[in-house]
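[1] Provided below for reference: sequence and predicted model.
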Amino acid sequence: MTDVPITLRLTIADPVPGVRYSLQKDDAPFEPVTASDAALSFDVPIRLSDDNRVLGPFVRREGPARRFVYIRVGTSAGDHASCWSRRAKIDIHDIPPPLLDRARAGRTLEVVLPGRGHDGSPTCATVHPLRPWRAL
């Protein structure tokens, strides 16, 4: 069989207004946007292999099993005047197989993420979801 294209939606519940965010495609910012007070969502096109491996130019890897997507923040997202230079790592290797089956059937999978750390600055490093993955 061939890889199946699916969509992952990364929703930042409370981004820091005025800060630029983007996905990371390969090693560069992709379609940066400046946050407002509203939630911010990125749709990430990936490919899903027959054995549930996630593939594509947005997918990063660490070790034999860990797969993730980066959200770039501030200067990393192309805003060179920003005081922030961060990336948020969103794990995707642990999406439950029943949800991946729904994605194969055409459903978008969404995860809701915090946009701010305890100090109110944009989240960075490995970001743990506010709500788990779900099929839309």
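    Now that the structure is in, tell me what you want to look at. Numbers count the residues shown, from 1 in each chain.
[2] Please make it C-alpha for all contacts and neighbour counts, starting now.
    OK.
[3] Help me confirm that Pro129 is found in a strand?
    No. Per DSSP: H, G, I helix; E, B strand; the rest coil, Pro129 lies outside any strand segment and is coil.
[4] Which residues are in contact with it?
    By Cα atoms under 8 Å, 6 or more residues apart in numbering, the contact set of Pro129 is 111-114.
[5] Could you give the bridge partners of Ile6?
    Ile46 (DSSP bridges).
[6] doesn't Phe42 make contact with Ala13?
    No. Taking contacts as Cα atoms under 8 Å, Ala13 lies outside contact range of Phe42: 11.7 Å.
[7] Just give me how far stretch 114-122 sits from the chain centre.
    The chain centroid and the centroid of stretch 114-122 are separated by 16 Å under Cα atoms, centre = their mean, to the nearest Å.
[8] Pull the residues that contact it.
    12-16, 73, 84, 86, 123-124, 127-130.
[9] which of those residues has the most neighbours?
    The most crowded member of the contacts of stretch 114-122, judged by other Cα atoms under 10 Å, is Val73 (30 neighbours).
[10] Contacts only, for it.
    Neighbours of Val73 in contact, by Cα under 8 Å, 6+ apart: 19-22, 84-88, 122.
[11] Give me the mean pLDDT for the one helix or strand it maps to.
    Val73 is located in strand 66-74, with elements delineated by DSSP states H and E. In this model, strand 66-74 carries a mean pLDDT of 97.
[12] Buried residues in that strand, which are they?
    For strand 66-74, the buried set under the neighbour-count rule, 16 or more other Cα atoms under 10 Å, comprises 67-74.
[13] Show me where this protein dips below the pLDDT cut-off.
    By pLDDT under 70, the low-scoring segments of the chain are 1.
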